[in-house]
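*Asks:* next come a sequence and a model predicted from it.
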Amino acid sequence: MNPKEARLRAIIRETGGLAVAYSGGVDSALVLAVAAAELGDRALGILGVSPSLAAGEREHAMGTASEIGARVEEVHPAEFSDPQYIANPPDRCYFCKRSLMKEVLALARLRGFALVADGFNADDWTDVRPGQRAAREAGVRSPLAEAGLGKEEVREIAHRLGLQVWNRPATPCLASRIPYGTPVSEESLDRIGRAENLVRNLLPGVGQVRVRHFGERALLQVDPDRTSELAGRKPDLESALRTCGYTRVDIDPAGYVRGFLNESAGARP
């Protein structure tokens, strides 16, 4: 065991009991797995389920928790009751996370947990993460960052522990596909989710998939090494995505880029 993992385990063990804001991704899955190992019944995962969660993500998260052997309960944040979230400003994630943390903390306290942790890691400090401000305001701890663990180190530990999620692509909320300033609606989130599933069906084994939502226009992004393959299926993609309400389908030749919207706020295609 490396010193950072030992530190992570010590941090979690010293809490005496921990509720984890759990998404099913590798970061929060590792926190939950270590919490379950170190704390047993004094660990609880709390999963937020809302229209911004892509189809299949709830089932995947629950399957991962079962693999870990951890207890998980659900909350249902009401981000659509907040007009600031719907307006989709550059700090939209702050309003979403604030709504989620309100529900997570309420359930944690109801179950007797004084502390809540998330899956924020040391590398996330270099990214644009407005939602983390809401987590800090709520008093949420970040054991991975506290232990100095970055993304690749997290994946290495998860792999060694046998977590199937160790190499799963990141799956941020569906609202992250909508350009800032364009209002978020449940209908648009549903369209994006259905469209991304269709892309995955047409390109089996593809890693990252993003359908950037520009009204009736969809901008598709996949891992750069799969972009040419995607372009070869464009007629099929256009036909499939037309069923989701997209009349124009473009393929980003640069491929998937992390933080696309933050990078230029719409300056690219």
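*Replies:* Now that the structure is in, tell me what you want to look at.

*Asks:* now the helices for the stretch 1-150 of the chain?
*Replies:* Applying DSSP state H, counting those that start in this stretch to the stretch 1-150 of the chain gives helices spanning 3-15, 26-39, 57-68, 83-87, 92-110, 131-137, 143-146.

*Asks:* just name the most buried of those helices.
*Replies:* Highest mean neighbour count of these: helix 26-39, a mean of 25 (counted as mean count of other C-beta atoms under 10 Å). Any C-beta I mention is one placed from the backbone N, CA and C, and that applies to glycine too.

*Asks:* tilt between that one and helix 3-15?
*Replies:* If you take axes from the mean of the first three to the mean of the last three C-alpha atoms, to 10 degrees, helix 26-39 sits at 60 degrees to helix 3-15.

*Asks:* which residues are contacting helix 26-39?
*Replies:* Helix 26-39 is contacted from outside by 8-9, 12-13, 15-18, 20-22, 43, 45, 64-65, 68-72, 117-121, 143-144, 151, 154-155, 157-158, 161, 163, 165-168, using C-beta atoms under 8 Å, 6 or more residues apart in numbering.

*Asks:* now do stretch 60-72
*Replies:* Contacts of stretch 60-72 (C-beta under 8 Å, 6+ apart): 22-24, 29, 32-33, 35-36, 41, 43-47, 163-165.

*Asks:* buried ones only from those, please, as a ChimeraX command.
*Replies:* What follows is the ChimeraX syntax selecting those of the contacts of stretch 60-72 that are buried according to 16 or more other C-beta atoms under 10 Å:
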select :22,23,24,29,32,33,35,36,43,44,45,46,47,163,165
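
*Asks:* what helices or strands is the host helix or strand of Thr227 leaning on?
*Replies:* Under the criterion of DSSP states H and E, Thr227 resides in helix 227-231. Applying 3 or more C-beta pairs under 8 Å, 6 or more residues apart in numbering; DSSP states H and E, one finds that helix 227-231 contacts strand 248-251.

*Asks:* determine the set of other helices and strands touching the strand it packs on.
*Replies:* For strand 248-251, the elements it packs on are strand 217-222, helix 227-231, helix 234-242, judged by 3+ C-beta pairs under 8 Å, 6+ apart.

*Asks:* buried ones in it?
*Replies:* Within strand 248-251, the residues scored as buried using 16+ other C-beta under 10 Å are 249-251.

*Asks:* which among the helices and strands packed on strand 248-251 is found nearest to Met1?
*Replies:* Of all the helices and strands packed on strand 248-251, it is strand 217-222 that lies closest to Met1, at 36.4 Å by C-beta to C-beta.
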